[in-house]
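[1] missing the sequence, but the structure's below:
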C-alpha cells in the first residue's frame, strides 16, 4: 500500500518524508509507522492518585442495586424499522455486515435478532465482540499523503450493535 500519490509513507521518527525509496514500503512498515504515531498522540489517561479505586469499586459492589423500572422489550417491528434506517453504503466493521445485508434479513432472522437485543436488555449484557473496532486511516484534506501526521484514525464498529441503541 502506498499513499494516493504513489509515494512511500514516511517512517522517520519526526514524521517527515525521507528520500524516495527510504520511506515505508511494506504494509508492515506502514502499520508500524501509524502505530508509533498513534501511540504518541493518543495516550492513556493517568489514574487519579487522590482517589482509592479499590475502595470505590468495593463500595459500589457492596451497595444495594437501585430499584429501577425495567426497560420494555423491543419488538421485531421496531428492529426492522431501525434496520431500514441504516444507510446501505456505510462502511462495515470487522464483521463486514452492511446495511444492505441487514435489510435483506428474513422475518425469522429479524425475530432472532430481536431476541438477542431483548436478552441483552434483560441481562444488562453487551457482547464483547461488538466493542471491537476496526481502525482505518483517512487522509486529511489538503495534507501531504507521505506524512504519517496527515492521516486521522476512524473506528468502524459493527453496524449490528448500532441498531440495538436506537429503538425506544
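    Sure thing, it's come through. Computed from a predicted structure; not experimentally measured. Numbers count the residues shown, from 1 in each chain.
[2] check what contacts stretch 149-163 and list those residues.
    Counting contacts by CB atoms under 8 Å, 6 or more residues apart in numbering, the residues outside stretch 149-163 that touch it are 15, 34, 37-38, 79, 82-83, 86, 90-95, 97-99, 102, 113, 117, 126-127, 129-140, 143-144. For the C-beta atoms, the positions are set from N, CA and C on the backbone; glycine is no exception.
[3] gap between that stretch and the chain center?
    Using CA atoms, centre = their mean, to the nearest Å, the mean C-alpha position of stretch 149-163 is found 4 Å from that of the whole chain.
[4] which residues in this protein form strands?
    Defined through DSSP state E, the strands belonging to the chain, from first to last, are 134-139, 151-156.
[5] would you indicate which residues of stretch 135-153 are buried?
    For stretch 135-153, the neighbour count (16 or more other CB atoms under 10 Å) marks 137, 145-148, 150-151 as buried.
[6] picking up where we left off before, now, of the contacts of stretch 149-163, which are buried?
    The neighbour-count test (16+ other CB under 10 Å) applied to these identifies 15, 34, 37, 79, 82-83, 86, 92-93, 95, 98-99, 102, 113, 117, 130, 137 as buried.
[7] least trustworthy helix or strand in this structure by mean pLDDT?
    Each helix and strand of the chain was given a mean pLDDT (mean pLDDT, DSSP states H and E); the minimum falls on helix 53-62 at a mean of 74.
[8] restricted to helices, list the contacts of stretch 149-163.
    With helices identified by DSSP state H, the entries of the contacts of stretch 149-163 that belong to them are 34, 37-38, 79, 82-83, 99, 102, 113, 117.
[9] distance to residue 24 and pLDDT added to the residues you listed, as JSON lines?
    Output for the ones in helices among the contacts of stretch 149-163, formatted as JSON lines (distance: CB to CB, whole Å; pLDDT from 0 to 100):
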{"residue": "34", "distance to residue 24": "9", "pLDDT": "85"}
{"residue": "37", "distance to residue 24": "11", "pLDDT": "84"}
{"residue": "38", "distance to residue 24": "15", "pLDDT": "84"}
{"residue": "79", "distance to residue 24": "44", "pLDDT": "93"}
{"residue": "82", "distance to residue 24": "41", "pLDDT": "92"}
{"residue": "83", "distance to residue 24": "40", "pLDDT": "92"}
{"residue": "99", "distance to residue 24": "34", "pLDDT": "91"}
{"residue": "102", "distance to residue 24": "37", "pLDDT": "93"}
{"residue": "113", "distance to residue 24": "42", "pLDDT": "93"}
{"residue": "117", "distance to residue 24": "43", "pLDDT": "91"}
